[in-house]
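Undergrad: what follows is a predicted structure for the sequence shown.
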Amino acid sequence: MTFPGAVLPSYDERGLVGVLPRLVASLGVRLPGEPPVAPLPPARRAVVVLVDGLGWEQLRARGGHAPFLRRALAGAAEIAEPLTAGFPSTTATSMGGFGTGCGPGVHGLVAYQVRAPGARYVFNELTWQGGPDPLEWQPRPTVFEQATAAGAHVTMVGPDHFDGSGLTTAALRGARFVGKEELSGRVDAALAALRAAPADDPALLYLYWGEVDKAGHVHGCDSWQWGDELELLDRELARLHAALPSGTSLTITADHGMVDIPADARIDVVHDPDLRDGVHLVGGELRAPQVYCLPGAADTVLAAWRERLAASAWVLSREEAVAAGLFGPVLDRVLPRFGEVIVAMHAPAGVFDSRVMTPRVSGLVGQHGSLTAAEQLVPFVHLPA
C-alpha cells in the first residue's frame with residue numbers, strides 16, 4: 001500500500017528512537033547488544049532537552065520567536081535536521097521509543113488510548129489510570145537503565161508528578177529523578193546535577209518541557225500563545241547552553257509536531273452509522289484512530305471506513321500497517337494491542353469515539369498522531385561539547 005505525501009517513520013538513527021543511543025555512545029558508553037550508531041562528537045557529559053509538541057515544521061515557520069534555535073538551524077549547531085517521531089506521532093508512543101530505543105511494535109506503548117488484549121475498555125497511556133503494571137506492559141530495559149548499569153550518571157528533570165508515574169516507569173525508568181515545575185527551575189536543577197555528578201563518570205541528563213505542547217493544544221500552533229511559549233523556551237535554552245560545564249554537549253529534540261483542526265472537521269463515530277457499525281471501541285487519537293472491532297466484523301469495518309474516509313485518511317488493516325513498517329518490527333505480545341483497523345488522517349480533520357475520549361481532548365485545537373510532515377517531523381539539534 002502506498003501513502004502519497006506521507007512521512008513514514010524510521011526506527012533507527014533517522015528517528016527519535018536513535019537519540020539516546022547516540023548520546024550514550026558519545027559518552028563512550030556501549031549499550032549491551034546495540035549495533036553501532038551514527039557517531040556524534042565525543043563528550044564527557046550530555047544534556048538532552050525534549051520539548052513536547054515542538055515540530056520541525058512549526059519551529060522553522062515560527063523561528064522568529066526563537067533566535068537561539070534559529071541560529072542553530074542556520075549553522076551554529078553541529079547537527080540540525082529533522083527526525084521522524086514514529087507512528088502514531090503522539091507523546092506516549094514517542095516516549096516509549098525515546099526511552100527504549102525501539103519502535104512501538106517492540107516497546108508496546110502503541111497509542112494515546114489503547115485496549116489491553118482481553119479487556120473491554122481502553123486505558124490512557126499518558127495518565128495510566130486503569131492501566132496494567134507498567135513493568136509488565138513494557139518489560140524491555142530502558143536506555144537509562146542500561147546506561148546506569150554501564151557506569152553512567154543519569155538524571156531526569158521534569159514535573160513532580162512524573163516521578164513514579166506509569167509512563168515514566170514503562171518508558172523512562174532508570175534515571176535519578178529531580179522534580180521542578182518552572183522551566184527556569186528545571187534549567188537550574190539540570191546545571192546543579194551536572195556539577196554534582198562524579199567527575200570520573202560519564203553523565204547524561206534529560207530535561208522535559210511540556211508547555212509548548214499545551215499552548216498548541218489549547219490555542220493552536222499558529223497562535224500568539226504558542227509563539228510566547230517558544231520565546232520562553234528559547235531564552236532558557238540559550239541560558240542553559242551558556243552555563244553548561246566544559247565538556248558538555250546539548251541536544252534539543254521533540255516527540256511530535258501538530259496541526260490545527262477546525263471544530264467542524266471532527267467526526268464522532270457514536271453519531272455516524274457508517275463508522276459505528278461493527279465497532280466495539282475506537283482508541284488511538286483524533287488524528288490516528290485505532291478501531292477495535294466486534295468479533296468477525298473487521299473486514300466489514302475496514303471497507304466501511306475506507307469508503308467513508310477515502311478523501312481524508314489512509315485506512316489500513318492491522319496486517320497492512322505492520323507490513324508497511326509503520327510500527328517497526330512487531331512482537332507477538334504487542335500485536336493484539338493495535339486495533340484491527342488503523343487510520344492516519346491526512347486532511348485537516350479527525351475521528352474520535354465520545355464513549356472513550358473526553359470532550360476536553362476531542363475539542364482541542366491542536367492535534368497530532370498521523371503521518372503528515374507537520375506531525376511526524378521533529379528537530380534534532382546537537383551542539384557539541
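TA: Great, that's in hand.
Undergrad: what is the subsequent helix or strand relative to the helix or strand Met156 falls within?
TA: Assigned by DSSP states H and E, Met156 falls within strand 153-158. Beyond strand 153-158 on the C-terminal side, the first helix or strand identified by DSSP H and E is helix 166-171.
Undergrad: run me through the strand neighbours of the helix or strand following that following helix, direction for each.
TA: Moving toward the C-terminus from helix 166-171, the first helix or strand encountered (DSSP H and E) is strand 176-179. Strand 176-179 has its sheet partners listed here by DSSP bridges as strand 153-158 (parallel).
Undergrad: rewinding a little: for the strand holding Met156, which outside residues touch it?
TA: 144, 147-148, 162, 168, 172, 174-180, 186, 189-190, 193, 197-198, 201-208 (Cβ atoms under 8 Å, 6 or more residues apart in numbering). Using the backbone N, CA and C atoms, a C-beta is placed for each residue, glycine as well.
Undergrad: any of the residues you listed buried? List them.
TA: For the contacts of strand 153-158, burial is judged from neighbour counts taken by 16 or more other Cβ atoms under 10 Å, and it is met by 144, 147-148, 162, 168, 172, 174-175, 178, 180, 186, 189-190, 193, 197, 202-208.
Undergrad: can you tell me the centre-most residue of the chain?
TA: By Cα atoms, centre = their mean, the chain has its centre lying nearest to Ser94, at 2.6 Å.
Undergrad: just give the number of residues close to the closest residue to that residue other than its chain neighbours.
TA: Spatial nearest neighbour of Ser94, chain neighbours left out: Asp255 (3.6 Å); criterion: Cβ to Cβ, 6 or more residues apart in numbering. Neighbours of Asp255 under the rule other Cβ atoms under 10 Å: 27.
Undergrad: pretty sure Asp255 contacts Leu50?
TA: Yes. Between Asp255 and Leu50 a contact is recorded at 6.3 Å, counting by Cβ atoms under 8 Å.
Undergrad: shared neighbours, those two?
TA: By Cβ under 8 Å, 6+ apart, Asp255 and Leu50 have these common neighbours: Phe98.
Undergrad: return stretch 147-158 as CSV; C-alpha atoms alone will do.
TA: This file holds the C-alpha atoms of stretch 147-158, laid out as CSV (Å, rounded to 0.1, in the frame of the first residue of the first chain):
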residue,chain,number,x,y,z
ALA,A,147,23.4,3.4,30.7
THR,A,148,23.3,3.4,34.5
ALA,A,149,24.3,-0.2,34.7
ALA,A,150,27.2,0.6,32.4
GLY,A,151,28.5,3.3,34.8
ALA,A,152,26.9,6.5,33.6
HIS,A,153,25.3,9.0,36.0
VAL,A,154,21.8,9.5,34.6
THR,A,155,19.4,12.2,35.8
MET,A,156,15.9,13.2,34.7
VAL,A,157,14.4,16.6,35.4
GLY,A,158,10.7,17.1,34.9
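Undergrad: helices or strands next to whichever strand or helix holds Gly283 in the packing?
TA: Gly283 is located in strand 279-285, with elements delineated by DSSP H and E. On a contact count with 3 or more Cβ pairs under 8 Å, 6 or more residues apart in numbering; DSSP states H and E, strand 279-285 meets strand 113-115, strand 288-293, strand 350-352.
Undergrad: who touches the first one?
TA: Read that as strand 113-115. Under Cβ under 8 Å, 6+ apart, the answer for strand 113-115 is 121-125, 281, 283-285, 290, 292, 337, 339, 356-357.
Undergrad: okay, helices next: where are they in the stretch 251-385 of the chain?
TA: Remark: helices assigned in the stretch 251-385 of the chain by DSSP state H, counting those that start in this stretch are 273-276, 298-308, 318-323, 359-362, 373-376.
Undergrad: pick the most buried one from those.
TA: Highest mean neighbour count of the helices of the stretch 251-385 of the chain: helix 373-376, a mean of 24 (counted as mean count of other Cβ atoms under 10 Å).
Undergrad: pLDDT score assigned to Leu31?
TA: You'll see Leu31 listed with a pLDDT of 87.
Undergrad: that one and Val341, how far apart?
TA: 36 Å (Cβ to Cβ, to the nearest Å).
Undergrad: more neighbours: which of those two?
TA: Each of Leu31 and Val341 has its neighbours counted (other Cβ under 10 Å); Val341 has more, 28 against 19.
Undergrad: list the contacts for that one?
TA: Neighbours of Val341 in contact, by Cβ under 8 Å, 6+ apart: 290-291, 293, 298, 301-302, 305, 315-318.
Undergrad: how about Pro88?
TA: 104, 110-112, 284-285, 287-288, 344, 369-370.
Undergrad: mind checking the longest helix of this protein?
TA: In the chain, assigned by DSSP state H, the helix with the most residues is helix 224-243.
Undergrad: measure Trp226 to Leu233 for me?
TA: The value you get for Trp226 to Leu233, if Cβ to Cβ is used, is 11 Å.
Undergrad: need the overlap of contacts for the two.
TA: With Cβ under 8 Å, 6+ apart as the test, Trp226 and Leu233 both reach Val212.
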